[in-house]
Structure formats: C-alpha cells, structure tokens
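**Q** Sequence first, then the predicted structure, then my questions.
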Amino acid sequence: MSNMPNTELVNFEALANEPDMARRNELARNVATLFSLTSEKCSDEQIEVYDSVLVRLSDMVEMQARAFIAGRLASLRRAPEGTIRRLADDDIEVARPVLEQSTVLRDTDLVEIALKRGEDHKVAIAAREILSEMVTDVLVESGSTAVHRTVARNGGASLSARGVLGLIQSSGLDEDLQMALADRQDLDERAVSTLAALASERVRMRLLETSTSEGGEVPRAARVAAQKLSNEFWLGRYDFETAIGRVYALARGPGLDEDTLVRFAEEDRFPEAVATFAMIGDIGIEEAKHWMVRTDTDPFLIVAKASELALSTVEKLLNMGPWRYRLQAEDRARILDRYKGIKPQSARLLLSQWHGRVA
C-alpha cells in the first residue's frame, strides 16, 4: 500500500502511476500558476500545503516545468520556503530567477549554494538587488572573473574591506573589473588609492572624475543608495503575515521567550524576530517593524532594555535583517554602548509614557 500523501490539490498516488510526463508537467505548471495568483490571500496553512505539493512535484517533473515554477514564484513576497530552496539548488536554468530575485532566500541559503554550486549560480546570486557582506565575501573568495565583475557592478552589494581588497587584487589586467570598481560610490580613500596604483590610465581618469564630480554620476548606484535609505523599501521585502502566524502559534503552544528571539536572530528570520520582539516588549507589530528597520535605534533600545534583553541578544538583532545592511560596525559598537547605559527602570517608565500608561 502506498504511503504517498494526498492533498486537496494533487493525488500523488495516482500521479506516480501516470506514465505521461506531459500531464505531470502541465499539472505542476497549473499549481504554480494558481499559487502565484493567490499567494497574497493564502492562509499560513494553505501556503504550507502548496509548499509540500510543489516540492514533491518538482521532484516528479522535467526541467522545463521546474523552470516554469521558478519563474512564477521567484518574485513573490510570500513564496513557499521549501520550494524556493529546492529550486535555488537546481540546474541554473531553473535556479537563476530564484537566485536573482527571491527575497525568501536568506543569506545562509545563498552562501550554501554559492559554495556548493558552480559559477553560473554564483553569477546569479551576485546579480541580486541586495547583497550582504557575508554573501559578497564568499562570492569574492570563491568566484570567477565573471562573478567578480557582477559583484563590482552591483550597487546593492555591500562590500567588506576584505571583499574590496579581494576584488582589487583580482582585477590585475582586467580593465572591466577595474572600471566597475571605479564606478562604485562606497570605496574609501585607501581602497581608491590601492586601485589607482594598479589601474590602467583610463580607470585612473574615471577615478578622478568620480572623486571630483558634484552630481550623482552613477545613476544606478545613486538609485540603490536612495532605496537603501527608505524604511519602506526594506519592510516590503518580507512576508510578515506568515511570520506573525508562526509566532502566534508558538505563543499559544510552547510560548515565547528571549531564547526564541535569539534563535530567530541567529537564523536571520527577520519578520519572526520582529513579531517575537513585539510580543515580548508588549508593543504593536507596526511599531516593532519600523523600530527594527530604522537607523535611529533608540526606540528599539528602550523596548529591549524595558524587556531586560541581554546585551548579546541585542547584538544579534543588530546584525540581522535590514540592519545587517544599514548599520556599519562602528554604528553597532556605538549602539551597544548606548544600550549598556540605559537603566531598565527608566526604559520601562519611558515605554509606559509612550503608551499613555501609568508606570
């Protein structure tokens, strides 16, 4: 007797006995299309059903059908996680749109795929709208010239000092890579000097133009920089609805505590961390969302101190989600020093005043 699961969407027992691959492919396309049209209205339970079905279907259909599924799901904010990870680790014809576009993939997913897969996968990752230093470091260290050029041209890719140095050292006689680096707006004076020392004359002229120009001379970089200053840009990348449902389920079951918050931070599950922080801190979800994305972190620090969160927990939260991109190391050090100086009683009093409550 078969133990294959049946769902309201697919009878897998019957499908496994279906000899016509074209019918399997058609079914997979139909399920992916249906989900893509209804994802914003799906409940958490419905998304889980779709996820289970699409993962199983992806293992039963041809590459063209998997590529179709990937194309339908790649840009969805509420795409099913298991399916997205499955497709991202597929052949590049399937994986490319997911690696380039899906906001469901976390940095740990991207690093794992970059280390496991070939250059085409790395190039696709390097083309993402936003990349953290954690990911670009891996791409620079393990990638080819094509990967390096793609990273350097990506205005949304954050580069560590190590990453910048790695790209400069790799540029050698590669004028295209040197020019891409010269066009970046985030190189410090030391990096510019290092690049100029080995660059071609044309690249040196470009560096001079960039350093003396008054207007925003790299339109795409300027656009990305402006986006990264917007709280709404960051908040729009995350599926808070599903995350809130998960956290509420935990609250009704085993409960929420600081360990739960730490786990979400370590897994870089920003929306779950926001919902947990809101419940622990007794504040609204909308407040928590905005206070955990803005670069003025004082409201977040007040709630954290009123909840008596450990300094190590606050540090983990400052290194996840949008703050991973928006805060520099010196910013985090300053914020942690500020947190140490806040008294829990003062924080609780201030929080009560914000809520209009009597302390």
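**A** Sure thing, it's come through.
**Q** confidence score at R162?
**A** Looking at R162, its pLDDT reads 94.
**Q** mind checking which helix or strand it is in?
**A** helix 161-171 (DSSP states H and E).
**Q** The next helix or strand after that helix: which residues count as buried?
**A** With elements assigned by DSSP H and E, the helix or strand that comes after helix 161-171 is helix 175-182. Judged by neighbour count (16 or more other Cβ atoms under 10 Å), helix 175-182 contains these buried residues: 177-182. Glycine gets a C-beta too; all of them are placed from N, C-alpha and C.
**Q** Adding pLDDT, write the residues you listed out as JSON lines.
**A** Listed next are the buried residues of helix 175-182 as JSON lines, based on pLDDT from 0 to 100:
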{"residue": "L177", "pLDDT": "93"}
{"residue": "Q178", "pLDDT": "91"}
{"residue": "M179", "pLDDT": "91"}
{"residue": "A180", "pLDDT": "91"}
{"residue": "L181", "pLDDT": "91"}
{"residue": "A182", "pLDDT": "88"}
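**Q** Closest one of the residues you listed to T150?
**A** A180 (8.7 Å; Cβ to Cβ).
**Q** my guess is the closest one meets G155, correct?
**A** No: if you go by Cβ atoms under 8 Å, A180 and G155 don't touch, sitting 10.3 Å apart.
**Q** residue ranges of the helices in the stretch 251-359 of the chain, please?
**A** 258-266, 270-281, 285-291, 298-306, 311-318, 323-326, 329-341, 344-354 (DSSP state H, counting those that start in this stretch).
**Q** Pick the most buried one from those helices.
**A** With neighbours defined by mean count of other Cβ atoms under 10 Å, none of the helices of the stretch 251-359 of the chain is more surrounded on average than helix 270-281, at a mean of 24.
**Q** ok, and what's touching that one?
**A** Residues outside helix 270-281 that contact it (Cβ atoms under 8 Å, 6 or more residues apart in numbering): 238-240, 242-244, 246-248, 250-251, 256-258, 260-261, 264-265, 284-285, 287-289, 292, 303-304, 306-307, 309, 317, 320-322, 351.
**Q** From the chain's centroid, how far away is the helix holding R162?
**A** 23 Å (Cα atoms, centre = their mean, to the nearest Å).
**Q** how about the CA coordinates for it, as PDB?
**A** The C-alpha trace of helix 161-171 is given here as PDB (Å, rounded to 0.1, in the frame of the first residue of the first chain):
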ATOM      1  CA  ALA A 161      37.100  45.900   3.500                       C
ATOM      2  CA  ARG A 162      38.300  42.300   2.800                       C
ATOM      3  CA  GLY A 163      35.900  42.000  -0.200                       C
ATOM      4  CA  VAL A 164      37.000  45.300  -1.700                       C
ATOM      5  CA  LEU A 165      40.700  44.300  -1.400                       C
ATOM      6  CA  GLY A 166      39.900  40.900  -2.900                       C
ATOM      7  CA  LEU A 167      38.300  42.500  -5.900                       C
ATOM      8  CA  ILE A 168      41.100  44.900  -6.400                       C
ATOM      9  CA  GLN A 169      43.700  42.200  -6.200                       C
ATOM     10  CA  SER A 170      41.700  40.100  -8.700                       C
ATOM     11  CA  SER A 171      41.400  43.000 -11.100                       C
END
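**Q** thinking again about what came up before, out of the buried residues of helix 175-182, flag the one nearest to L87.
**A** Closest approach between those and L87, by Cβ to Cβ: A180, at 29.0 Å.
**Q** Please name the nearest non-neighbouring residue to the closest one.
**A** A152 (3.7 Å; Cβ to Cβ, 6 or more residues apart in numbering).
**Q** roughly how far is whichever helix or strand that neighbour is part of from the heart of the chain?
**A** Element membership for A152 (DSSP H and E) is helix 145-153. Relative to the mean C-alpha coordinate of its chain, helix 145-153 is positioned 19 Å out (Cα atoms, centre = their mean).
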